[in-house]
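Chemist: the amino acid sequence is not available; the structure is as follows:
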């Protein structure tokens, strides 16, 4: 049986990726959904090891968010491009500076959906 947090986390990542991809084209829908779902699976596996899928909601959300490779990559990219994000630097070198916060933000939503799904299915 699939744990409710896993169902909500990976399912939420698929939906969030598909919704984000609709702003581009059909290939982006599949690509974004697959990337977010794969990262959610990695985060869920790490959460399964620690703190456990039945941990308190805030620990589970924090662990799933920080264990997500997409969030980590987005944070690193934002750190590298900090001068562009703050407006200190402009030009062609800053073309993709917003990718980091976007990627990190997209990785923060699915763990919330996982925690909500776990709570809803426990009540049922």
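Modeler: Yes, it's here. Predicted, not measured: the structure shown is a model, and the values here were computed from it.

Chemist: this structure: helices as residue ranges?
Modeler: Assigned by DSSP state H, the helices in the chain fall at 4-21, 26-49, 57-67, 69-80, 82-85, 99-123.

Chemist: any chance of these in JSON lines, plus mean pLDDT?
Modeler: Below are those laid out as JSON lines (pLDDT from 0 to 100):
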{"stretch": "helix 4-21", "mean pLDDT": "97"}
{"stretch": "helix 26-49", "mean pLDDT": "98"}
{"stretch": "helix 57-67", "mean pLDDT": "97"}
{"stretch": "helix 69-80", "mean pLDDT": "97"}
{"stretch": "helix 82-85", "mean pLDDT": "96"}
{"stretch": "helix 99-123", "mean pLDDT": "95"}
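
Chemist: buried deepest among those helices, which one?
Modeler: Highest mean neighbour count of the helices of the chain: helix 4-21, a mean of 21 (counted as mean count of other C-beta atoms under 10 Å). For every residue, glycine as well, the C-beta is placed using N, CA and C.

Chemist: can you give me the distance of residue 59 to residue 72?
Modeler: 18 Å (C-beta to C-beta, to the nearest Å).

Chemist: contact partners for residue 70?
Modeler: 35, 36, 39, 103, 104, 106, 107 (C-beta atoms under 8 Å, 6 or more residues apart in numbering).

Chemist: go again using 6 Å as the cut-off
Modeler: 39, 103, 107 (C-beta atoms under 6 Å, 6 or more residues apart in numbering).

Chemist: name the nearest residue to the most centrally placed residue in the chain, sequence neighbours excluded.
Modeler: With distances taken as C-alpha atoms, centre = their mean, residue 107 lies nearest the centre of the chain, 1.4 Å away. Closest residue to residue 107 apart from its sequence neighbours, by C-beta to C-beta, 6 or more residues apart in numbering: residue 71 at 3.7 Å.
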